[in-house]
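Student: with the sequence up front, the predicted model follows.
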Amino acid sequence: MRIMLTDAAHAVTPLSPPPALPQRPALFLDMDGVLAPITATPEGVGPDGRRTRVLGRLLERLDGRLAVVSGRTIAEIDRICEGAVPCVAGIHGLERRGADGQVRRLAPHPDMAQVHEALVAFARDRPGVLIEDKGLGVTLHYRQAPDQADAARDLARALAERHGLTLQPGDMVQELKTPGADKGRALAAFMEEAPFKGAVPVMTGDDLTDEFAFTAAAGRGGFGVLVGPPRETAALYGLNGPEAVMDWLETLAERA
Ligand SMILES: O=P(O)(O)OC[C@H]1O[C@H](O[C@H]2O[C@H](CO)[C@@H](O)[C@H](O)[C@H]2O)[C@H](O)[C@@H](O)[C@@H]1O
């Protein structure tokens with residue numbers, strides 16, 4: 001087996017592709033970097049006919065035991081998936097829509113507006129830095145201004161500490177969120193409800209925020225699938241990228 005050396009002390013072994021799904025599986029899917037390739041800006045991700053068809057077929061085959069668990073808002077997931085998936089956790093679980101169609105949303109931290117303002121001021125004279133306001137959280141994007149990574153991290157850390165917000169670093173982003181949720185807790189909440197209750201969870205994700213859900217899936221007898229380059233992870237299996245994810249999901253939709 002090929003071993004990739006990341007530094008002198010750590011070796012990261014590439015993960016095998018996922019095996020056949022367990023009996024009565026429940027599938028949890030991340031959006032960016034998993035169901036959709038990464039683009040320069042959040043708005044660059046749009047609906048895709050193949051993805052919408054595959055999700056619809058899987059939903060049917062899994063008797064509804066399919067959910068998108070994302071850092072994006074539910075409104076964004078509905079836009080991108082063309083409303084194909086009823087069960088969605090948005091903003092890392094701060095909002096969640098169950099199979100009954102009800103949306104449960106935590107109350108926003110009272111300082112969110114102030115923090116949003118501070119981030120907008122930071123972005124003002126930094127071309128390429130973008131602010132995404134999600135109400136319960138705000139994302140500082142620097143994919144188009146990678147030289148701002150350190151300054152963005154330092155500001156986000158300081159604001160999180162000063163206002164008592166949760167800091168979630170991601171792929172060329174720093175997110176400041178209302179405390180009280182993560183993707184692991186979102187997965188756990190779905191697993192307490194129909195049609196997920198009693199099923200075996202499989203979580204597919206690429207980012208650090210997905211690690212919470214990999215751990216939650218493993219704790220319930222399931223497993224995680226890491227998408228992208230190998231790294232230290234709680235996931236047991238791996239896939240190369242969104243294209244490989246779509247091929248895998250298509251196979252599952254035919255087989256499940
Ligand atoms: O949990 P996810 O569904 O993976 O969402 C995580 C964040 O994804 C989005 O940002 C990422 O994707 C953008 C589009 O490809 C990219 O430009 C950015 O650099 C990535 O970090 C989204 O905009 C965020 O709100 C999500 O939290």
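Tutor: Everything's here; your move. Just so it is clear, the model here is predicted, and its values are computed rather than measured. Numbering: from 1, shown residues only.
Student: C-alpha only now, for contacts and for neighbours.
Tutor: Fine.
Student: any idea how far stretch 231-245 is from the chain center?
Tutor: On the basis of C-alpha atoms, centre = their mean, to the nearest Å, stretch 231-245 sits 13 Å off its chain's mean C-alpha point.
Student: the ligand contacts on this protein?
Tutor: Residues of the chain found near the ligand (C-alpha under 6 Å from any ligand atom) are 30-33, 38-42, 70-72, 143, 170-173.
Student: now for the residue in the stretch 151-256 of the chain that the ligand sits nearest to: which residues touch it?
Tutor: The minimum distance from the stretch 151-256 of the chain to the ligand, using C-alpha to the nearest ligand atom, falls at D171 (4.2 Å). Contact analysis of D171 by C-alpha atoms under 8 Å, 6 or more residues apart in numbering lists D207.
Student: tell me the spacing between it and T39.
Tutor: 11 Å (C-alpha to C-alpha, to the nearest Å).
Student: which residue ranges form the helices in this protein?
Tutor: 49-61, 74-81, 112-124, 149-163, 183-191, 211-218, 242-255 (DSSP state H).
Student: from the residues of the chain next to the ligand, which would you call buried?
Tutor: 30-33, 38, 70-72, 143, 170, 172-173 (16 or more other C-alpha atoms under 10 Å).
Student: in JSON lines: the residues you listed, plus pLDDT.
Tutor: What follows is these, written out as JSON lines (pLDDT from 0 to 100):
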{"residue": "D30", "pLDDT": "98"}
{"residue": "M31", "pLDDT": "98"}
{"residue": "D32", "pLDDT": "98"}
{"residue": "G33", "pLDDT": "98"}
{"residue": "I38", "pLDDT": "97"}
{"residue": "S70", "pLDDT": "98"}
{"residue": "G71", "pLDDT": "98"}
{"residue": "R72", "pLDDT": "98"}
{"residue": "R143", "pLDDT": "98"}
{"residue": "G170", "pLDDT": "94"}
{"residue": "M172", "pLDDT": "97"}
{"residue": "V173", "pLDDT": "97"}
